[in-house]
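Asks: Structural data only, the sequence is not supplied:
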């Protein structure tokens with residue numbers, strides 16, 4: 001659960017930084033999403049507690065939505 005709280009805090013920080021237009025924040029968010037993806041894959045193979053799997057999946061889905069919105073907005077403004 002400590003890891004979930006840290007992940008949520010990092011995603012909130014990325015939302016704040018992106019909202020302020022920080023150029024580095026998209027890159028950091030993409031790296032965080034990659035780490036979350038690896039963590040989710042490891043959870044499927046190593047963790048057998050359903051609550052942990054559900055929490056990891058929820059965090060991953062929030063990260064996926066953030067990445068789609070961040071990089072989808074970049075593509076839309078490039079047109």
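Replies: That came in fine, so what should we check first? Quick caveat, the model's predicted, so the values are computed rather than measured.

Asks: which helix in the chain runs the most residues?
Replies: helix 50-78 (DSSP state H).

Asks: helices or strands next to the helix or strand of the chain with the lowest mean pLDDT in the packing?
Replies: None of the helices or strands of the chain scores lower by mean pLDDT, DSSP states H and E than helix 50-78, at a mean of 79. Packing partners of helix 50-78 (3 or more CB pairs under 8 Å, 6 or more residues apart in numbering; DSSP states H and E): helix 2-19, helix 24-46. For every residue, glycine as well, the C-beta is placed using N, CA and C.

Asks: Also compute the angle for that helix relative to helix 24-46, please.
Replies: If you take axes from the mean of the first three to the mean of the last three CA atoms, to 10 degrees, helix 50-78 sits at 150 degrees to helix 24-46.

Asks: lowest-confidence stretch among the helices and strands packed on helix 50-78?
Replies: Comparing mean pLDDT across the helices and strands packed on helix 50-78, the lowest value falls on helix 2-19: a mean of 83.

Asks: any idea of the angle that helix forms with helix 50-78?
Replies: With the same axes, to 10 degrees as the basis, helix 2-19 and helix 50-78 are set at 10 degrees to each other.

Asks: Can you give the distance of the longest helix of the chain from its chain's centre?
Replies: Chain-centre distance of helix 50-78: 5 Å, with CA atoms, centre = their mean, to the nearest Å.

Asks: closest to residue 59 out of the helices and strands packed on helix 50-78?
Replies: In terms of CB to CB, the element of these nearest to residue 59 is helix 2-19, at 5.0 Å.

Asks: Give the other helices and strands that the closest one contacts.
Replies: Packed against helix 2-19 by the contact rule (3+ CB pairs under 8 Å, 6+ apart) you find helix 24-46, helix 50-78.

Asks: Using CSV, lay out the ones you listed together with distance to residue 18 and mean neighbour count.
Replies: Below are the helices and strands packed on helix 2-19 laid out as CSV (distance: least, CB to CB, whole Å; neighbours: other CB atoms under 10 Å):
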stretch, distance to residue 18, mean neighbour count
helix 24-46, 5, 14
helix 50-78, 6, 13
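
Asks: what would those look like in CSV with distance to residue 5?
Replies: Below are these laid out as CSV (distance: least, CB to CB, whole Å):
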stretch, distance to residue 5
helix 24-46, 14
helix 50-78, 10
